[in-house]
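Novice: sharing a sequence plus its predicted fold:
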Amino acid sequence: MTASETRLRADARRNRDQIVAAARQVFAAAGPDVPMEEIARTAGVGVGTLYRRFPDREALIRAVARESFAQVLADAREAAAEEPTAWDALVRLAGRSHQLQASVQLALVSERAREILKGDRQTAEFRDALLAELDAIVRAAQAEGSVRADIGTGDVAILLSLVLRRPSAVDDPTLLASERVAVLMLDGLRARPGSPLPGRPITGEDLQIH
């Protein structure tokens, strides 16, 4: 391979990575139905470049879902292995709001994305592994007495999807608000006297894509 060909491949890979990162950011904030032009603009590439890398929205959604799930799964495993308690692991995982929000938005919140991802085996494998890892963390936190016993993994995943958002800029006033809400959410998961929850705990199985 010539130096020119190597440089072209590197440029193509860099463009692809920029597009996926931009799409993850935009999907996390606004869902997967945003205009492709907005994603290209956020990535700093032309619309033609975007479509050369990803011929349609479905291909881009699959790429974002796979990479987001893979990264959050790695984060969850690292947190479980490195933190002294399951509660600390859960707090650390919640701090990965950008990747986590994109994953949950695509897999659990957006009906369109759920349909697109339904038959994607690789996404399903990452999603199932992530839910299993999150389930292990939640159960361990309950066993150590730090998380309330009347919740399930699905409750935690949905809470994260509802309150974790990535502000558009560091000085965005919603940055402080989102961090405060995340702390309030974690406090609500603590094992201590509180209001009883209606119904039964929502499990990871309840969130499976069928």
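Specialist: That came through fine. Residues are numbered from 1 along each chain as shown.

Novice: now for the longest helix along the chain, which elements pack on it?
Specialist: In the chain, assigned by DSSP state H, the helix with the most residues is helix 3-30. Judged by 3 or more Cβ pairs under 8 Å, 6 or more residues apart in numbering; DSSP states H and E, helix 3-30 is in contact with helix 36-43, helix 47-53, helix 57-82, helix 97-104. C-beta here means a position set from N, CA and C on the backbone, and glycine is covered the same way.

Novice: now the longest one: buried residues?
Specialist: Buried residues in helix 57-82, defined by neighbour count with 16 or more other Cβ atoms under 10 Å: 57-58, 60-73, 75-77, 79-80.

Novice: what about it, average pLDDT?
Specialist: If you average the pLDDT over helix 57-82, you get 90.

Novice: repeat for stretch 195-206
Specialist: Throughout stretch 195-206, pLDDT has a mean value of 82.

Novice: what of stretch 25-45?
Specialist: 89.

Novice: pull it out as CSV, backbone CA atoms only.
Specialist: Extracted C-alpha coordinates of stretch 25-45, given in CSV (Å, rounded to 0.1, in the frame of the first residue of the first chain):
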residue,chain,number,x,y,z
GLN,A,25,-24.1,13.3,20.6
VAL,A,26,-27.1,14.4,18.6
PHE,A,27,-29.0,11.1,19.1
ALA,A,28,-28.4,11.3,22.9
ALA,A,29,-29.8,14.9,23.0
ALA,A,30,-32.6,14.7,20.5
GLY,A,31,-33.2,11.1,19.4
PRO,A,32,-32.4,9.4,16.1
ASP,A,33,-34.8,11.3,13.9
VAL,A,34,-32.7,14.5,13.6
PRO,A,35,-31.8,15.6,10.0
MET,A,36,-28.7,14.0,8.6
GLU,A,37,-27.6,17.4,7.6
GLU,A,38,-27.4,18.4,11.3
ILE,A,39,-25.3,15.3,12.0
ALA,A,40,-22.9,16.2,9.2
ARG,A,41,-22.6,19.8,10.4
THR,A,42,-21.9,18.6,14.0
ALA,A,43,-19.2,16.2,12.6
GLY,A,44,-17.6,18.9,10.5
VAL,A,45,-18.0,17.0,7.2
